[in-house]
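>>> model the following, please.
(one chain, ligands or ions: 1)
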Amino acid sequence: PANKDIQVYIDGELLHRDEAKISVFDSSVQGGDAVWEGLRVYDGRVFSLNAHLDRLFDSAHALWFQGVPPRETVVEAIRQTLEANDMHDDVHIRLTLTRGRKITSGMDPRLNQAGCTLIVLAEHKPPVYPESITLATSSVRRNSPMSVDSKIHHNNLINNIMAKIEANQAGADAGLMLDKDGFVSEANGVNVFLIRRGKVRTPWADYCLPGITRATVIRLCNAHGIPCEEARLSPSEFYVADEVFTTGTMGELTRVRAIDGREIVNKYGGSVLEQVQEMFRELTRSAGTRLV
Ligand code: PMP
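Numbering: from 1, shown residues only. Alright, predicted model coming up:
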């Protein structure tokens, strides 16, 4: 298999992937009680490193994690992992911070007395850029601040996984998730945008993860004079858009060609998406933090 001899960082140790294990008493096993980030390395540079670390620490703070390792430790862990694996390009890093090991099984965070568990898993993953993908609206709703705030990048992804299962059953590439009122929130693992008559729009971050790629797209549009706004958007506004696309660290900006069997037809002419994709490509090929 690919990446068969990689070294994985767990709490200060680099271990062969077959030896990289965490305790059955870890909070992530006991309750999916962890936060995570997916980062990407372009030509030796970690893209948006600080934005990812900010979101990781914010998520850990919101969930009352105790004994969170300092930023320097996390950065050093990423550096060591990249160095140990001699990884420079087309790298995907799955950074996980769990509440840590419990002294006995149970839900109570006070059972966590050993501090957090830090895992850095770096894998060589050449990007797959599909020409376009399809979406199917899921019956499973995205989390709301009434239950688990979507702004926390936690590991409780069961409803997103259920949306992906529905998409698989429907023969679509990803599930489009709605909020409790039926407005679009995001796809099961990426944010969504539409373009109509030259204007770029994306759902408010009330019910979606405020994605770093999403923020980058908004910033690029603003910097280049492309009208872009956050809005409350219904599924039918996506059906009739000129262009629809998803954003995420791994897939970057990916065109959506159909949603629930409705083909996305560009009635306006010209592609704003291709313009934004080019701006994004230029940015990722020049920005980022070099660690090794
Ligand atoms: N939404 C969800 C639910 C995700 O898990 C991710 C990937 N972390 C995204 C959106 C995309 O976020 P980003 O652009 O920060 O990768």
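>>> check whether stretch 179-195 comes near the ligand.
Yes - for stretch 179-195, a contact with the ligand is found by CB under 6 Å from any ligand atom, at 186, 189-191. All C-beta atoms are positioned from the backbone trio N, CA, C, and that covers glycine.
>>> can you give me the end-to-end span of that stretch?
Stretch 179-195 has an end-to-end distance of 20 Å (criterion: CA to CA, to the nearest Å).
>>> same check, this time on stretch 119-133
End-to-end for stretch 119-133, by CA to CA: 31 Å.
>>> can you read off the pLDDT for Gly269?
pLDDT for Gly269: 85.
>>> let me see the contact set for it.
Under the criterion of CB atoms under 8 Å, 6 or more residues apart in numbering, Gly269 has no neighbours.
>>> before we move on, what about Gly288?
For Gly288, the contact set (CB under 8 Å, 6+ apart) comprises 41-42, 45-49.
>>> return the set of residues that bridge with His154.
When bridges are called by DSSP bridges, His154 pairs up with Val35.
>>> residues contacting it?
32, 34-36, 59, 63, 148.
>>> need the residues that contact stretch 211-219.
Stretch 211-219 is contacted by residues 48, 51-52, 55, 186, 190-191, 193, 200, 202, 205, 228, 230, 247-249, 252-253, 276, 280, 283 when judged by CB under 8 Å, 6+ apart.
>>> narrow these to those in strands?
Using DSSP state E, the subset of the contacts of stretch 211-219 located in strands is 186, 191, 193, 200, 202, 228, 230, 247-248, 252-253.
>>> nearest to the ligand among those residues?
When these are compared for distance to the ligand (CB to the nearest ligand atom), Gly248 wins out at 3.8 Å.
>>> the closest one: neighbour count?
By other CB atoms under 10 Å, the residues close to Gly248 number 21.
>>> for it, give me its contacts.
For Gly248, the contact set (CB under 8 Å, 6+ apart) comprises 38, 189-191, 211, 213.
>>> kindly recompute the last result at 7 Å.
Contacts here follow CB atoms under 7 Å, 6 or more residues apart in numbering; on that basis Gly248 touches 189-191, 211, 213.
>>> just the buried subset of those, please.
For those, a burial check counting by 16 or more other CB atoms under 10 Å picks out 189-191, 211, 213.
>>> closest to Thr134 among these?
Closest approach between the buried ones among the contacts of Gly248 and Thr134, by CB to CB: Val190, at 13.2 Å.
>>> can you give me the helices for the stretch 1-150 of the chain?
Using DSSP state H, counting those that start in this stretch, the helices of the stretch 1-150 of the chain run over residues 27-31, 49-62, 71-84.
>>> adding mean pLDDT, distance to Lys21 and mean neighbour count, write these out as JSON lines.
Converted to JSON lines, the helices of the stretch 1-150 of the chain look like this (pLDDT from 0 to 100; distance: least, CB to CB, whole Å; neighbours: other CB atoms under 10 Å):
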{"stretch": "helix 27-31", "mean pLDDT": "91", "distance to Lys21": "11", "mean neighbour count": "20"}
{"stretch": "helix 49-62", "mean pLDDT": "98", "distance to Lys21": "22", "mean neighbour count": "18"}
{"stretch": "helix 71-84", "mean pLDDT": "97", "distance to Lys21": "16", "mean neighbour count": "17"}
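>>> out of the ones you listed, nearest to the ligand?
The closest of these to the ligand is helix 49-62. By CB to the nearest ligand atom, the value is 7.2 Å.
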